[in-house]
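Chemist: whatever this is, show me its structure:
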Amino acid sequence: MPERETVGDWSQGVPLQKAHALVGYWRDKYDWRRFEARINAFPQYRTQIDGVGIISSTCAPSAERAADHSHARMAGSVVEFMEVIGPLSDPTRYGEGQRTRSMSSCPSLPGFAFSDKPAETGWEVNRIARAWATLMPRLGYERWVAQGGDWGRA
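Modeler: Numbering: from 1, shown residues only. Predicted coordinates for the structure are as follows:
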């Protein structure tokens, strides 16, 4: 842990006391096995792109569209989109009527979460976009859109 901040507010970042509390919660109280089961409920795909192992979780639409991979949505992270993968892939089951179903692919950015850490610099937004353009056809998608938030939306 870093040294304690010299101010009484958040202007120097997360107060040390808050950081300790968060680490304690994740270490002692967070149900990692429950999270592991939730994330492992989605099929996962691993491939190499430019020498970096990329992990992507994928959720197919219900049976009537399962063979149609022509339209897909790509999320920023499987973790941040776990709650919407179901409604995107099977809107009827989630009370959304007969909206168009879509595949959802959630790759992990190189160096984050489940994908490998690049051994070289240069994995900026444009290179990752090119990597996703390689990944999506490997997953069987002809057309797709990508969503990026925070770092990935540049």
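Chemist: let me see the ranges of the strands in the protein.
Modeler: Taking DSSP state E as the test, the strands found in the chain are 44-49, 52-59, 71-74, 103-107, 143-146.
Chemist: and those: which comes nearest residue 14?
Modeler: Closest to residue 14 of the strands of the chain is strand 103-107 (Cβ to Cβ; 26.9 Å). To be clear about C-beta, it is placed using only N, CA and C from the backbone, and glycine gets the same treatment.
Chemist: how many residues are close by residue 88?
Modeler: Residue 88: 21 surrounding residues under other Cβ atoms under 10 Å.
Chemist: what about it, distance to residue 82?
Modeler: Separation of residue 88 from residue 82 (Cβ to Cβ, to the nearest Å): 11 Å.
Chemist: any idea which helix or strand in the protein has the lowest mean pLDDT?
Modeler: Every helix and strand in the chain was compared by mean pLDDT, DSSP states H and E; the lowest is strand 71-74, with a mean of 48.
Chemist: and residue 105, how far from residue 89?
Modeler: 11 Å.
Chemist: more neighbours: which of these two?
Modeler: residue 105 (27 against 22).
Chemist: domain assignment for the protein?
Modeler: Following automatic domain parsing, one gets these domains for the chain: 13-42, 43-153.
Chemist: mind listing what's buried along the first one?
Modeler: Judged by neighbour count (16 or more other Cβ atoms under 10 Å), domain 13-42 contains these buried residues: 39, 42.
Chemist: quick one: distance of it to the chain centre.
Modeler: Here domain 13-42 is found 17 Å from its chain centre; the criterion is Cα atoms, centre = their mean, to the nearest Å.
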